[in-house]
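[1] Dropping a prediction and its sequence here:
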Amino acid sequence: MATSVVKIFVKQGQEAAFEAIIRCLVEASNANEPGIRFYQAFRGAAEGEYWMLEAFDGPDALKAHTASDHFKAMRADLGACFDRPPEIQRLADL
């Protein structure tokens, strides 16, 4: 399994735009990618802090996710909301 926890930092004033885009991405990804085990966004405790919890069947499913049309279509709009690059923690199965 390919599992990640992603901490996302959103620019002040861009929270609503980010939330709208990420909701669309989560919905499209879950509806169209059979290799997803879990893919969900969450608000963090701090202003502008968001978290993604992602679990895919394996590295190929993760690659398919980042190569999907819906991911590529939303990537630039998401990136425009970022205050700085996301922090990605890849997790290993026990």
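    Cool, got the structure.
[2] hey, where'd the strands end up in the protein?
    Using DSSP state E, the strands of the chain run over residues 2-10, 36-43, 49-56, 82-91.
[3] Now distance to residue 64, mean pLDDT and mean neighbour count too, for those strands, in a markdown table please.
    From N, CA and C alone the C-beta is placed, and that goes for glycine too. A markdown table is the format used below for those (distance: least, Cβ to Cβ, whole Å; pLDDT from 0 to 100; neighbours: other Cβ atoms under 10 Å):
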| stretch | distance to residue 64 | mean pLDDT | mean neighbour count |
| --- | --- | --- | --- |
| strand 2-10 | 11 | 97 | 17 |
| strand 36-43 | 9 | 98 | 15 |
| strand 49-56 | 8 | 98 | 18 |
| strand 82-91 | 17 | 96 | 12 |
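[4] Distance to residue 22 added to these, as TSV?
    Output for the strands of the chain, formatted as TSV (distance: least, Cβ to Cβ, whole Å):
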stretch	distance to residue 22
strand 2-10	8
strand 36-43	5
strand 49-56	7
strand 82-91	11
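[5] Figure out which of those strands is closest to residue 30.
    Closest approach to residue 30 among the strands of the chain is made by strand 36-43 (5.7 Å; Cβ to Cβ).
[6] can you give me the angle that closest one makes with strand 49-56?
    Calculated by axes from the mean of the first three to the mean of the last three Cα atoms, to 10 degrees, strand 36-43 forms an angle of 180 degrees with strand 49-56.
[7] Can we start the residue count at 20 from this point?
    Sounds good: first residue 20 from here, last item strand 55-62.
[8] partners of strand 55-62 in the sheet?
    strand 68-75 (antiparallel) (DSSP bridges).
[9] Which secondary structure elements does the longest helix belonging to the chain sit against?
    Counting residues, the longest helix in the chain under DSSP state H turns out to be helix 34-51. Packing partners of helix 34-51 (3 or more Cβ pairs under 8 Å, 6 or more residues apart in numbering; DSSP states H and E): strand 55-62, strand 68-75, helix 88-100.
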